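**Q** My questions are about this predicted structure, shown below with the sequence.
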Amino acid sequence: MEYNFREIEAKWQKKWSNEEPFRAINDSDKPKYYVLSMFPYPSGAGLHVGHPLGYIAGDIYARFKRHKGFNVLHPMGYDSFGLPAEQYAIQTGQHPAKTTDQNIKRYREQLDQLGFSFDWNREVRTSDPTYYKWTQWVFIQLYDSWYDKQVDKALPIQNLVSKFETEGNSGIDAVCDDDTPRFSATEWKHFSEADKQRILLKYRLTYLADAEVNWCPALGTVLANDEIVNGVSERGGHPVIRKKMTQWMMRITAYAQRLLDGLDTIDWPQPLKDSQTNWIGRSEGASVSFKVKSHDAVIEVFTTRPDTIFGASFMTLAPEHELVQKITSSEQKAEVDAYIEATSKRSERDRMADVKTISGAFTGAYAEHPFTKEPVPIWIGDYVLAGYGTGAVMSVPCGDQRDYDFAKHFGIDIPNIFEGVDIAEEAFVDKANTIIANSDFLNGLNFKEATRKVIDELEQLGQGQGKINYRLRDAVFSRQRYWGEPFPVYYDANGLPQMLAEEHLPLQLPEVEKYLPTETGDPPLGNATAWAWDTTTNTVVSNEKIDRIRVFPLELNTMPGWAGSSQYFNRYMDPKNDEAIYSEEAIEYWEDVDLYIGGSEHATGHLLYSRFWQKFLFDRGIAPKDEFARKLINQGMITGTSAFVYKDQNSNKIYSKGLVSGNKVNPIHADVSFVNASDELDVEGFKKWRPDLADAEYVLEAGKFIVGREVEKMSKSKYNVVNPDAICEQYGADSLRLYEMFLGPLEQSKPWNTAGITGVHSFLKKLWKLYLGVDENEPTNENLKTLHKTIKKVEEDIENFSFNTSVATFMICVNEITAQKCSSKAVLESLAILVSPYAPHIAEELWERMGHTTSISAAAFPKFEEKYLVESSKEYPISFNGKLRFKLELPLDMGKDDIEKAVMAHEKTHEQLQGRTPKKVIVVPGKIVNIVG
């Protein structure tokens, strides 16, 4: 009987859909195990063969854990808010919800055909109002919380109000805005209600602030740093500028130290931990106040090298620093304004990465040195960022290379404050070997001694103190988009934010005619004609009814892309619950994610924000754990092999690969669908695909046009995408699953080669043939040895996530069992279970054909027994005068004399000796027998 994979896979996918064998329950007596793959954004392009890699790995582990007796939660959903659907809506007028639904249907078809054991009853979509109701709810909880540094956790805002009413805020150690005023309990009681709300905004964990943001005019929205590549938007490649806007912010900085400390408690990849550690950027040093001469202003700086303060020959402010416009002299204003304008066109990442370009402008203002009282010129430079630290640096050119280069470039003085060090060519940055000189009371001190001394002196002057600083900044939480979660916020008569009550959630997106910002620059929700909140009826009403007495305007921004993904792993535990984000029973049973699989590109985005939200939910007693995922694996990338043709720069010729040498050419991507296994291009097909190149002269080699090849990220834009649908049609989903695992270690990147899949497909055919004559015969010792060797190796491989070596082990096992002519049901049943996590369709079919009526997914994983691997016999080489003549298997524990007797009695020995008596018989137990003479 042929291995009809198409029929088998369609049969079992339908059966799984109908019978739901992978449905998890929240009250099982079994131990729990929660396997989660990062949910996808459902793009219009669908899945390519690189996308399922992590899903397959997660599915193998989920199936394995079910075989091991666990109640496994293995859900899937969609991160379905996103800019691509909105851009498509802008271009076509089609509502993003419709586009998203179409894309999700396509994704679901592709995921189903790959045989994943997802519990689809728990599917979530971040754009579904029943889901984002709880995203809005978490936002409100953050708004209604503050961070108490004394107990190091978030507390209800009402707790803070109670403290204000009894003691004011002088004795409260809280995370709050730097400009928060001090007040007594009496003063608090006399504040107006509006002023009280303004003060509370300085403490809330989500708050409004004027923030420098990455503004993309073409997309009409603010972009996160990770949405910008090489200074332009990742989506569309549009210019991005820095702009100050009123935004909702998340006070993630309150959790900076806990986010660092928590990394020691979770089993996540070290490179990812390093990324988060560097992003959070903890540093120890001092805060120093520099008074600005001729101005009623103070510049606060943070420095990790307060010991070098006497070497500060200038100060540098970020171009966006709030003091720049106030202190710039009239003579320098034009130059400073021009520099600020130029800097606004560069993203923060570009500015941080560009260490070669030296630029700046002198403000014409001077600061006063805290100790010498000498004037210190104040410059602006784009290497200083407004959002990092205080947006100002104490520039010490002798001790910092960037300051040194800046000073050299602009002819600024470079005083040397290091004993016995030559700074003629470069700055001296070795603080371990620092001895301070030319620095008054610090002379002769090393780094640690000088640091302690200068902090003491600054504190006595009232111009500084020791401080721990973090690079991490509060997260911008507003986007000027339509397709995102609406904020559950309206603005009262004083323009202050008010939250909707929980019973009125979700606040759903309104219908709009246009998805672009309004003509006045408001976000797309400004196009809605009914986007006001009636506080009497608690409903959304027409904007025409806004009177700021009873009816108020709603927030026009929407939440960012990471909002919906910051607690989705918890919502999967109880996704149908409309009364709470999840029940206590569900969260107490599942607790957290045991295994999370996804890409490392989310290190400082989703994975950091999710840890922040989880810690907050833990503080407020909403989640039982303060880390959401115990173990994380970053799967590698499956790369594509791109194809190129070569267009001559000076003519209309396009060259085959072998004719490029000596010609100036521009490589042009060719869709890999026009290229065969021999790298030969279908020129006519290519011309139809690229009509702009149809009239070019294609220069062939030996009558063929051969493309160039290069391994790149698999991407639609590089035309190197391989569609899994085509692979499943030709080879089957089980072949695809096995091949993706066989390509190499899960964490490593590896190139896709469709030709390689034939090997695993042939293996499945060979596996199928093994089961054509299953019988009840007892397995031989040889059969059991092969089986248990395989059980041991496969279980170890799965537990170590070494899925590629498991596939090789299967191949070895099948070859050995085939050679042994094994047809024992006892062996083949166990083998089917071993293969099941990797190739579930064929395993289910074979299981059923052996007489089982329940899914193989419920079968217990075979138990390894060491005794079958213990050797009980030895195959001895029998030599005559040193020449091997035959082999003889004897018990391993047989003694020397008995070995000699057995060999001498064997008929083949008689044939060799032909009646002669040997001179001697050499027996080495466990090794050899040699008959001499």
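**A** That came through, no problem.
**Q** Which parts of the stretch 651-800 of the chain are helices?
**A** In the stretch 651-800 of the chain, the helices defined using DSSP state H, counting those that start in this stretch lie at 683-689, 724-730, 733-742, 757-770, 781-799.
**Q** among those, which is the most enclosed?
**A** Highest mean neighbour count among the helices of the stretch 651-800 of the chain (mean count of other Cβ atoms under 10 Å): helix 733-742, with a mean of 26. Glycine gets a C-beta too; all of them are placed from N, C-alpha and C.
**Q** so what secondary structure elements neighbour it?
**A** helix 5-19, helix 52-67, helix 724-730, helix 757-770, helix 803-819, helix 840-849 (3 or more Cβ pairs under 8 Å, 6 or more residues apart in numbering; DSSP states H and E).
**Q** 10 Å instead?
**A** helix 5-19, helix 52-67, helix 96-113, helix 724-730, helix 757-770, helix 803-819, helix 840-849 (3 or more Cβ pairs under 10 Å, 6 or more residues apart in numbering; DSSP states H and E).
**Q** related to what we said a few turns ago, would you mind giving the helices of the stretch 651-800 of the chain as JSON lines with mean pLDDT and distance to residue 586 added?
**A** JSON lines is the format used below for these (pLDDT from 0 to 100; distance: least, Cβ to Cβ, whole Å):
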{"stretch": "helix 683-689", "mean pLDDT": "96", "distance to residue 586": "51"}
{"stretch": "helix 724-730", "mean pLDDT": "95", "distance to residue 586": "33"}
{"stretch": "helix 733-742", "mean pLDDT": "98", "distance to residue 586": "31"}
{"stretch": "helix 757-770", "mean pLDDT": "97", "distance to residue 586": "39"}
{"stretch": "helix 781-799", "mean pLDDT": "96", "distance to residue 586": "27"}
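**Q** Can you check which of the ones you listed gets nearest to residue 505?
**A** The closest approach between residue 505 and any of the helices of the stretch 651-800 of the chain, judged by Cβ to Cβ, belongs to helix 724-730 at 38.4 Å.
**Q** Residues contacting that closest one, please?
**A** Outside helix 724-730, the residues within contact range by Cβ atoms under 10 Å, 6 or more residues apart in numbering are 5-6, 9, 46-52, 106, 109-111, 113-115, 673, 723, 733-737, 739-740, 752, 754, 757-758, 761.
**Q** so which of the helices and strands packed on helix 733-742 is the most packed in?
**A** Across these, averaging neighbours per residue (mean count of other Cβ under 10 Å) puts helix 52-67 on top, at a mean of 24.
**Q** which is the next helix or strand following that helix?
**A** Next along the chain after helix 52-67, taking DSSP states H and E as the criterion, comes strand 71-73.
**Q** and that next one, which strands flank it?
**A** strand 32-37 (parallel) (DSSP bridges).
**Q** quick one: the strand it pairs with to chain centroid distance?
**A** 17 Å (Cα atoms, centre = their mean, to the nearest Å).
**Q** Now residue 394: phi and psi?
**A** The phi/psi pair for residue 394 (degrees, to the nearest 10) reads phi -90, psi 110.
**Q** ugh, wrong one, residue 290
**A** Dihedral pair for residue 290: phi -110, psi 120, per degrees, to the nearest 10.
**Q** Endpoints of stretch 876-895, how far apart?
**A** Distance across stretch 876-895, first residue to last, is 13 Å (Cα to Cα, to the nearest Å).
**Q** I meant to write stretch 497-513 there.
**A** End to end - Cα to Cα - stretch 497-513 spans 26 Å.
**Q** Same question for stretch 21-31.
**A** Length of stretch 21-31, first residue to last, Cα to Cα: 17 Å.
**Q** what does the average pLDDT come to for it?
**A** Per-residue pLDDT over stretch 21-31 has a mean of 95.
**Q** List the buried residues for it?
**A** Neighbour-count burial for stretch 21-31, counted by 16 or more other Cβ atoms under 10 Å, picks out 21, 22, 24, 26.
**Q** that older thread, reformat the helices of the stretch 651-800 of the chain as JSON lines; add distance to residue 668.
**A** Below are those laid out as JSON lines (distance: least, Cβ to Cβ, whole Å):
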{"stretch": "helix 683-689", "distance to residue 668": "10"}
{"stretch": "helix 724-730", "distance to residue 668": "24"}
{"stretch": "helix 733-742", "distance to residue 668": "30"}
{"stretch": "helix 757-770", "distance to residue 668": "28"}
{"stretch": "helix 781-799", "distance to residue 668": "43"}
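**Q** Who are the contact partners of the residue nearest in space to the middle of the chain?
**A** By Cα atoms, centre = their mean, the mean C-alpha position of the chain lies nearest to residue 602, the distance being 2.5 Å. By Cβ under 10 Å, 6+ apart, the residues touching residue 602 are 38, 226, 272, 275, 562, 565, 608, 609, 610, 632, 634.
**Q** Am I right that residue 442 is in contact with residue 436?
**A** Yes. Using Cβ atoms under 10 Å, residue 442 is in contact with residue 436, at 4.5 Å.
**Q** between the two, who's got more neighbours?
**A** residue 436 (26 against 23; other Cβ atoms under 10 Å).
**Q** what pLDDT does the more buried one get?
**A** On pLDDT, residue 436 comes in at 96.
**Q** ok, now residue 226?
**A** Here the pLDDT value assigned to residue 226 is 68.
**Q** can you check residue 345 too?
**A** pLDDT, residue 345: 82.
**Q** who does the closest residue in space to it that isn't next to it in sequence bridge with?
**A** Once flanking residues are discounted, residue 345 sits nearest to residue 241: 5.2 Å by Cβ to Cβ, 6 or more residues apart in numbering. Note on residue 241: beta-bridge partners by DSSP bridges are residue 215.
**Q** what number of residues lie near residue 241?
**A** 16.
**Q** go on, residue 184?
**A** Residues near residue 184, counting by other Cβ under 10 Å, number 13.
**Q** do you know how far the residue nearest to residue 473 when sequence neighbours are not counted is from residue 209?
**A** Nearest residue to residue 473, sequence neighbours excluded (Cβ to Cβ, 6+ apart): residue 387, at 4.6 Å. Computed as Cβ to Cβ, to the nearest Å, the residue 387 to residue 209 distance reads 11 Å.
**Q** who's more crowded, these two?
**A** Legend: neighbour count by other Cβ under 10 Å for residue 387 and residue 209, higher for residue 387 (18 against 15).
**Q** Was I right to think the more buried one contacts residue 320?
**A** Yes. If you go by Cβ under 10 Å, residue 387 and residue 320 touch, sitting 8.6 Å apart.
**Q** Identify the contacts common to the two.
**A** Shared contacts of residue 387 and residue 320 (Cβ under 10 Å, 6+ apart): 212, 242.
**Q** all strands for the stretch 351-500 of the chain, in order.
**A** With DSSP state E, counting those that start in this stretch, the ranges of strands along the stretch 351-500 of the chain come out as 361-368, 375-380, 392-395, 464-470, 475-476, 489-491, 497-499.
**Q** Kindly report the same for the stretch 151-300 of the chain.
**A** Ranges of strands within the stretch 151-300 of the chain are 153-156, 206-216, 221-223, 228-229, 232-233, 241-250, 282-292, 298-303, based on DSSP E, counting those that start in this stretch.
**Q** Pick the most buried one from the ones you listed.
**A** strand 221-223 (a mean of 25).
**Q** which helices and strands sit right next to it?
**A** Partner elements for strand 221-223 (3+ Cβ pairs under 10 Å, 6+ apart): helix 83-92, strand 206-216, strand 232-233, strand 241-250.
**Q** how about these, which one is nearest residue 649?
**A** Residue 649 lies closest to strand 232-233 among those, at 25.3 Å (Cβ to Cβ).
**Q** contacts for the closest one?
**A** 83, 214, 216, 218-219, 221, 223, 227, 238-240, 347, 350.
**Q** chain center to that strand, what's the gap?
**A** 20 Å.
**Q** just stretch 291-302 next, same as before
**A** Worked out by Cα atoms, centre = their mean, stretch 291-302 lies 41 Å from the chain centre.
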